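Trainee: The sequence and its predicted three-dimensional model are supplied below.
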Amino acid sequence: MSGKKRHGGKGDNGGKKSKQLVRAELSEELGEKNGREELRRGWESGETVQCGTVVLDSVPFQHCVIRSFIKNEEFLDGLKDELLALNFHDKSNDLYKFQQSEDLKSRKEPHISALRKVLFEDFRQWLSEVTKVELETTVDISCAQYNYTDTLLCHDDELEGRRFAFILYLVPEWTEADGGALDLYSTDEKSQPGPIVKSLIPSWNTLVFFEVSPISFHQVSEVLSEEKCRLSVSGWFHGSSLERPPRSLDPVPVRTPHLPCDHEILYEWINPDYLSVDYQAQIQEEFEDTSEILLKDFLKEDKFNAVSAALKTESIEWELLGPPNRRCYKRAKSELPDVLKSCMELLKSEPFFLLLSNLTGLKLHFLAANNEDSDEEEGSSELNARAPAQGENGDHTAQEGSERVPVCYGELRHWEHGHYTMIHDYDPERQEFALDLLWFCGCEDWEAEYGGFTSYIAKEEDEELLTVNPENNCLALVYRDKETMRFVKHINHKSVQRDAILPNHKGFWDFAFVYNE
Ligand SMILES: O=C(O)CCC(=O)C(=O)O
Ligand SMILES: [Fe+2]
């Protein structure tokens, strides 16, 4: 007998006897046969059914809310204590920020064990009866804490074997103003999530379950309460998954070759330090080592001020981009005030492509490749283009013999509270070699803890390779290979305090361009 080993939690006096005393029971209403039959019919027909403490609904997808889920209330207090005594790990990536407990599958604490038993025995059977879905005995359960600014962005839960998701909330008095709602998204004809059509506010001893399907898009909205902890136990009942239709690819942005333009444009716009041949050579050397570089004070001060002023005071039309399982930020429409239009043109211009070649060693301009064969030869352009080291880094998938023309795509973006991008399988940016350019404006007093930074990670591993923090007039150049993905971290509620004291803007802006050799 392994009675010697004690498993921690408060209220656990280790003995076998106390374990047997701790029992969780489902609310009596769940035991009633008539109710169960009515719910079964409701589930089958997709109609909304309220049956005592149980409410079934199929909009926007089949889900159910069960209030007073566990009969013995005092059991829940014991459960909560055991859960809070567990080790929690900070989890943070493009999709979420919250704390997760160690796996609850084999924890021996009496209340946790009893909850597992009631969920995966009694309740699983109830669920099978109501939904007529055969469920496996697989135990898949953990505990989560969402505190101030934590969130789990839009996702569908789909993973082989998951048939129903469940969440049991152990929260204090909770209102809409506390955030942390379980939001359900509607979907369009291509099964892409659109607007949120239902928000379930968590409440003590309420269990929500829903069918995991290609349209079960939901999120935990950001917790806005600075004091309350949104504690929950959640997991999945497994069974055969529903069929998954292919997802739609994001439209590939139209990439264009450089715009012909006089070299004067560089002297008008760019800090002259970056136009010095020697300094460019130094930068290129560093870039070739690390594949990234930050160039501070990149634009001349008057240009930076002019762009800043235009962003803050001129009227610009923005569109909010989705779908929410992939991105949420504002992109400027093409009609722009003159100075911003000129700035966009600068970044697309031929001299700028050549400047980027000189700063990075990438072949973004034919002049940059001229002296490919000879290291001694100096470049022949006005800027003395230096030979870039033509590494193994080009994705030369173009048809053989045809010279590939370097291209770019760029947008002006506005980042505010609630905005983010996510890594996903249908991104045309996946699996390519590219030079990313970010140039920032409106970032005064921006803190990393607000989010909004761009994080580069190695595909498949969650390993963070590089973080680019927004900083005024700073140009970030990052060379991305096929194994590298990036996202912009969710901008959280802490940023709102800063917004409140800034005179004329919220969040920040960036010009985001991608260049391909
Ligand atoms: O806590 C919730 O309300 C939902 C959690 C969730 O969606 C998940 O863990 O996948
Ligand atoms: Fe989920």
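Mentor: Yep, that arrived. Given the structure is predicted, the values throughout are model-derived calculations rather than measurements. Ligands and ions are numbered 1, 2, ... in the order given.
Trainee: Kindly state the pLDDT recorded for the closest residue to ligand 1 within the stretch 351-500 of the chain?
Mentor: With C-beta to the nearest ligand atom as the measure, M422 is the residue of the stretch 351-500 of the chain nearest to ligand 1, at 14.4 Å. To be clear about C-beta, it is placed using only N, CA and C from the backbone, and glycine gets the same treatment. Predicted confidence (pLDDT) for M422: 96.
Trainee: Going by proximity to ligand 1, name the top residue of the protein.
Mentor: Counting by C-beta to the nearest ligand atom, the chain gets nearest to ligand 1 through L182 (3.7 Å).
Trainee: List the contacts of that residue.
Mentor: 167, 199-200, 202, 208, 218-220 (C-beta atoms under 8 Å, 6 or more residues apart in numbering).
Trainee: Relative to L465, how far out is the residue of the stretch 351-500 of the chain closest to ligand 1?
Mentor: 17 Å (C-beta to C-beta, to the nearest Å).
Trainee: Between the two, point out the one with more neighbours.
Mentor: Neighbours were counted for M422 and for L465 using other C-beta atoms under 10 Å; M422 has more, 20 against 17.
Trainee: That one: what's it in contact with?
Mentor: Contacts of M422 by C-beta under 8 Å, 6+ apart are 94-95, 153, 325-327, 487.
Trainee: Just the ones of these in strands?
Mentor: Among the contacts of M422, the members falling in strands (DSSP state E) are 153, 327, 487.
Trainee: and those, which are buried?
Mentor: 153, 327, 487 (16 or more other C-beta atoms under 10 Å).
Trainee: Now do the residue of the chain closest to ligand 1, the pLDDT please.
Mentor: 98.
Trainee: ditto for K4
Mentor: For K4, pLDDT reads 35.
Trainee: Report the residue spans of the stretch 1-150 of the chain with pLDDT below the cut-off.
Mentor: 1-20 (pLDDT under 70).
Trainee: Where do the helices of it begin and end?
Mentor: Here the stretch 1-150 of the chain has its helices, by DSSP state H, counting those that start in this stretch, at 16-21, 28-31, 33-45, 73-84, 110-117, 124-131.
Trainee: Run the angle between the third one and helix 124-131 for me.
Mentor: It refers to helix 33-45. Angle, helix 33-45 to helix 124-131, by axes from the mean of the first three to the mean of the last three C-alpha atoms, to 10 degrees: 60 degrees.
Trainee: which other helices and strands contact helix 33-45?
Mentor: Secondary-structure packing of helix 33-45 (3 or more C-beta pairs under 8 Å, 6 or more residues apart in numbering; DSSP states H and E): strand 49-51, strand 54-57, helix 124-131.
Trainee: Please identify the buried residues of that helix?
Mentor: 35-36, 38-40, 42-43.
Trainee: Now do the contacts for the closest residue to E25 other than its chain neighbours.
Mentor: Nearest non-adjacent residue to E25, counting by C-beta to C-beta, 6 or more residues apart in numbering: K71, 4.4 Å away. Counting by C-beta under 8 Å, 6+ apart, K71 touches 24-28.
Trainee: Tell me how far K71 lies from D57.
Mentor: 24 Å.
Trainee: about what we covered before: just the helices and strands packed on helix 33-45: most buried one?
Mentor: Most buried of these, by mean neighbour count (mean count of other C-beta atoms under 10 Å): strand 54-57, with a mean of 21.
Trainee: In which helix or strand does E345 reside?
Mentor: Counting by DSSP states H and E, the element that carries E345 is helix 338-348.
Trainee: Run through who's touching that helix.
Mentor: With C-beta under 8 Å, 6+ apart, helix 338-348 has contacts from 256, 258-259, 261, 265, 269, 303, 306-307, 310-311, 314, 316, 332, 336, 352, 408, 410, 412, 437, 439, 511, 513.
Trainee: Without its sequence neighbours, what residue ends up closest to N469?
Mentor: Take N469 and drop its neighbours on the chain: the residue closest to it by C-beta to C-beta, 6+ apart is F453, 4.8 Å away.
Trainee: my read: that neighbour touches V468, true?
Mentor: Yes - checked against C-beta atoms under 8 Å, the pair F453 and V468 is within contact range at 6.2 Å.
Trainee: The two: who's more crowded?
Mentor: V468 (21 against 17).
Trainee: For that one, which residues count as its bridge partners?
Mentor: Beta-bridge partners for V468, by DSSP bridges, are T454.
Trainee: Distance check, it against F433.
Mentor: 18 Å.
Trainee: list the helices and strands the helix or strand encompassing K330 packs on?
Mentor: Element membership of K330 [criterion: DSSP H and E] is strand 327-332. On a contact count with 3+ C-beta pairs under 8 Å, 6+ apart, strand 327-332 meets strand 318-321, strand 407-415, strand 420-421.
Trainee: Of all these, which one comes closest to S191?
Mentor: Among these, the nearest to S191 by C-beta to C-beta is strand 318-321 (18.4 Å).
Trainee: and the closest one, which strands flank it?
Mentor: strand 327-332 (antiparallel).
Trainee: How about residues contacting the partner strand?
Mentor: 316-322, 340, 411-416, 418-422, 488.
Trainee: Torsion angles phi and psi at N516?
Mentor: phi -120, psi 140 (degrees, to the nearest 10).
Trainee: Can you pull the residues of the protein lying near ligand 1?
Mentor: Within the chain, the residues that sit near ligand 1 (C-beta under 6 Å from any ligand atom) are 152, 157, 167, 182, 218, 220, 232, 234.
Trainee: how about 5 Å then?
Mentor: For the chain, the residues found near ligand 1 under the criterion C-beta under 5 Å from any ligand atom are 167, 182, 220, 232, 234.
Trainee: now for the helix or strand hosting the first one, which elements pack on it?
Mentor: The one in question is I167. Assessed by DSSP H and E, I167 sits inside strand 162-169. Packing contacts for strand 162-169, counted by 3+ C-beta pairs under 8 Å, 6+ apart, involve strand 206-211, strand 230-238.
Trainee: Parallel or antiparallel, which strands does the next helix or strand after the first one pair with?
Mentor: Heading C-terminal from strand 206-211, the first helix or strand you meet, by DSSP H and E, is strand 218-220. If you go by DSSP bridges, strand 218-220 pairs up with strand 151-155 (antiparallel), strand 182-187 (antiparallel).
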